[in-house]
Structures are given as C-alpha cells and as structure tokens.
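> coords below, sequence missing:
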Ligand SMILES: [Fe+2]
C-alpha cells in the first residue's frame, strides 16, 4: 500500500501538480516622454515688465522643466533597478510634486498674460464672478487682497466644480494646499523673483501691471 502511495506521489510531482506557480513578470515601460520648455518670448515688451525680469523668470521656469524630467527619469530608473523601497525613492517622489507644479503653474501664469480683449461683460465667467462675489469689482478686490498678503507664493482663482463656486486661493508652495478637484483659472506668481527686479517691495505696482495684462480670453477658455 505504501509503495502504491509513493508511486502516486511521484506521478503527481512529475505531472507538475506541486510545481510553484510561475511569478507574473512586471512589465516596465522603457521609453518616456520628456516635457519641453515652452517659449514665452512673445511676452517681452508688451507687459510693462522688463526684459531682464522676464528673461530671469523664463530661465527659472526652464529649470522646473529640466528638473521634472530629471526626477521622472531617476524614479523610472529606480523602479527598473528595484529600488522603490528606499529613502531616496521616497524623497524623489516628494520632490516630484514641487518640480512638476513649478513647471505647470509657470506655464499657466505666462499663458494668462498678454494683451487681450477685456473680460466679456455678458460672458459666463463674468456672470459667475457676479453671482459668487456680488460684482466683478468685489472679486478683484478679494484677489488683490489675497495677493497683497505678506509672504511668497501663488494667488489662484479656482473654480470648484463640486461646489460650483469661484474661490481666490493663496498657495504657499507649488505642491501645497491646492484645492482638490478645482480648476485653476487665473494664476498670479507672487514669489519675489516675479516682481522685485522691477518694483522692489512695491507689490501693488506689480499687481496693477498684472491686471492690465491679463489674457482674459485664455482665462475664460479655462472656465
Ligand atoms: Fe515664478
């Protein structure tokens, strides 16, 4: 009887019934798209911001694009090398939001600058500003008050789709305190590099130049 059981076991083993399940192979993408810095030279000479200030700002923006690509490449390489459980991987993951948002926020900022027609009086955005703030002037006052706060960061008119509401937000850092699910409509850079070369501490003068140069068509398109 024992001999029969032994033969039976050997047959099962040879049939592979006790063989280990083959491990699923993790497929890792090998080629990655890189982000390319956009050219905003067309803004030079039309804004009331000096060429020196703008060129410095463009260079700073290009640095975010370079670093976004660098961080993404490093993370991909670490994934391939199986180094995902390391502190280096964790820190690069944390860094990615800062570099990526530094890139994208500058793009939105430069793209909502430039001469355009004024905000349409009968347009949807104007109607929404009036509905949510009482008047366009009240919205502008709140946006400027937010921008006038001491500190550096971003001021962003966000549209909260869930609550169907416009809100002017103060954003301390590129990667911190953006409202989830909201759409950025108008973006103002209030880091010192955005204005101090031309205006020193006179941030209010910078705000005037900014408001004289909002590309409202772009902002309306976002809304
Ligand atoms: Fe900036």
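Perfect, I can see it now. Keep in mind that what you see is a predicted model, and the values were worked out from it rather than measured.

> I'd guess residue 186 is in a strand, am I close?
Yes: the assignment for residue 186 is a strand, going by DSSP: H, G, I helix; E, B strand; the rest coil.

> quick one: contacts for the closest residue to residue 95 other than its chain neighbours?
Nearest non-adjacent residue to residue 95, counting by Cβ to Cβ, 6 or more residues apart in numbering: residue 71, 5.6 Å away. Bear in mind the C-beta positions are built from the backbone N, C-alpha and C, glycine included. For residue 71, the contacting residues are 92, 95, 96, 99, by Cβ atoms under 8 Å, 6 or more residues apart in numbering.

> what comes up buried for the helix or strand containing the second one?
Following DSSP states H and E, one finds residue 95 within helix 87-111. Residues of helix 87-111 classed as buried under the neighbour-count rule (16 or more other Cβ atoms under 10 Å) are 89, 92, 95-96, 98-111.

> lowest-pLDDT helix or strand in this structure?
Every helix and strand in the chain was compared by mean pLDDT, DSSP states H and E; the lowest is helix 2-14, with a mean of 55.

> mind giving me the domain split of this protein?
Listed domain ranges for the chain are 49-111, 124-222 (source: automatic domain parsing).

> residue boundaries of the strands in the protein?
154-160, 165-171, 182-189 (DSSP state E).

> got CSV for those strands, with mean pLDDT, mean neighbour count and distance to residue 198 too?
Listed next are the strands of the chain as CSV, based on pLDDT from 0 to 100; neighbours: other Cβ atoms under 10 Å; distance: least, Cβ to Cβ, whole Å:
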stretch, mean pLDDT, mean neighbour count, distance to residue 198
strand 154-160, 98, 22, 18
strand 165-171, 98, 18, 22
strand 182-189, 98, 21, 13
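
> among those strands, which is nearest the ion?
Among the strands of the chain, the nearest to the ion by Cβ to the ion is strand 182-189 (4.2 Å).

> now residue 153, nearest residue through space, not along the chain?
Nearest to residue 153 is residue 172, by Cβ to Cβ, 6+ apart, at 4.7 Å.

> ok, now how distant is that neighbour from residue 71?
21 Å (Cβ to Cβ, to the nearest Å).

> cool, and residue 221?
30 Å.

> what does this protein put close to the ion?
Counting by Cβ under 5 Å from the ion, the chain comes close to the ion at 189, 191, 194.

> Quick check: the first one touching residue 106?
When you say that, I think you mean residue 189. Yes: using Cβ atoms under 8 Å, residue 189 makes contact with residue 106 at a distance of 7.1 Å.

> and for these two, which residues touch both?
Residues within reach of residue 189 and of residue 106 at once, by Cβ under 8 Å, 6+ apart, are residue 57.

> so what's residue 211 up against?
Taking Cβ under 8 Å, 6+ apart as the test, what residue 211 contacts is 140, 144.

> closest one to residue 212 among the strands of the chain?
Nearest to residue 212 among those is strand 182-189; the distance by Cβ to Cβ comes to 13.0 Å.

> to the chain's geometric centre, what's the distance from the longest helix along the chain?
Assignment by DSSP state H gives helix 51-80 as the longest helix of the chain. What separates the centre of helix 51-80 from the centre of its chain is 13 Å, taken as Cα atoms, centre = their mean, to the nearest Å.

> List the buried residues of that helix.
Applying a neighbour-count criterion of 16+ other Cβ under 10 Å, one finds 53-54, 57-58, 61-62, 64-65, 67-69, 71-72, 74-75, 78 buried in helix 51-80.

> ok, residue 223 to the ion distance?
To the ion, residue 223 is 23 Å away according to Cβ to the ion, to the nearest Å.
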